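> Turn this into a structure:
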Amino acid sequence: MNASFKRHCLLKTRDFVKESLSDAEGGHDWWHVYRVWQLSRQIARTEPVDLFVVELGALLHDIADHKFHGGDEEIGPRTAARFLDTL
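Just a heads-up that it's a prediction; the model follows:
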């Protein structure tokens, strides 16, 4: 996977998450995800990790949170997988 495609994926993911969480309550809104994303990037610089995977995980970590979907712990992974399949 080249750097251009990774950047494209991250930008599309950022936009998807911003849109998906536009009406979310404060603890699970875009700005929460943004802070987690930035902190994960900072931590990743000091660890032997795949930064692309870390960033995708940070961006998608609260997508369709089970607490707001009747306790369905699979809705987040399903939602993320459906989105990632579009990339």
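> Tally up the residues packed near Ala80, please.
Using other CB atoms under 10 Å, Ala80 is surrounded by 20 other residues. To be clear about C-beta, it is placed using only N, CA and C from the backbone, and glycine gets the same treatment.
> and it, helix, strand or coil?
Counting by DSSP: H, G, I helix; E, B strand; the rest coil, the backbone at Ala80 sits in helix.
> Next one: Asp85 from Thr79, what distance?
As for Asp85, its distance to Thr79 is 11 Å (criterion: CB to CB, to the nearest Å).
> Tell me which residues of stretch 27-39 come out buried.
Residues of stretch 27-39 classed as buried by neighbour count (16 or more other CB atoms under 10 Å): His28, Trp30, His32, Val33, Tyr34, Trp37.
> if we can go back for a sec, more neighbours, Asp85 and Thr79?
Taking other CB under 10 Å, Asp85 and Thr79 do not tie; Thr79 has more neighbours (17 against 7).
> Against Phe16, how distant is the more buried one?
For Thr79, the distance to Phe16 - CB to CB - is 10 Å.
> try Ser40
Distance from Ser40 to Phe16, counting by CB to CB: 17 Å.
> And Glu74, by the same measure?
Per CB to CB, Glu74 is found 19 Å from Phe16.
> Settle it for me: which of these two has more neighbours?
When Glu74 and Phe16 are compared for neighbours, Phe16 comes out ahead with 19 against 11, by other CB under 10 Å.
> wait, doesn't the more buried one sit right on Phe83?
Yes: between Phe16 and Phe83 there is a contact at 5.5 Å, judged by CB atoms under 8 Å.
> for the protein, what spans make up the helices?
Assigned by DSSP state H, the helices in the chain fall at 3-20, 30-44, 51-60, 75-86.
> any idea which of these scores lowest on pLDDT?
Lowest mean pLDDT of those: helix 75-86, a mean of 88.
> Taking helix 51-60 as reference, get the angle to that helix.
If you take axes from the mean of the first three to the mean of the last three CA atoms, to 10 degrees, helix 75-86 sits at 130 degrees to helix 51-60.
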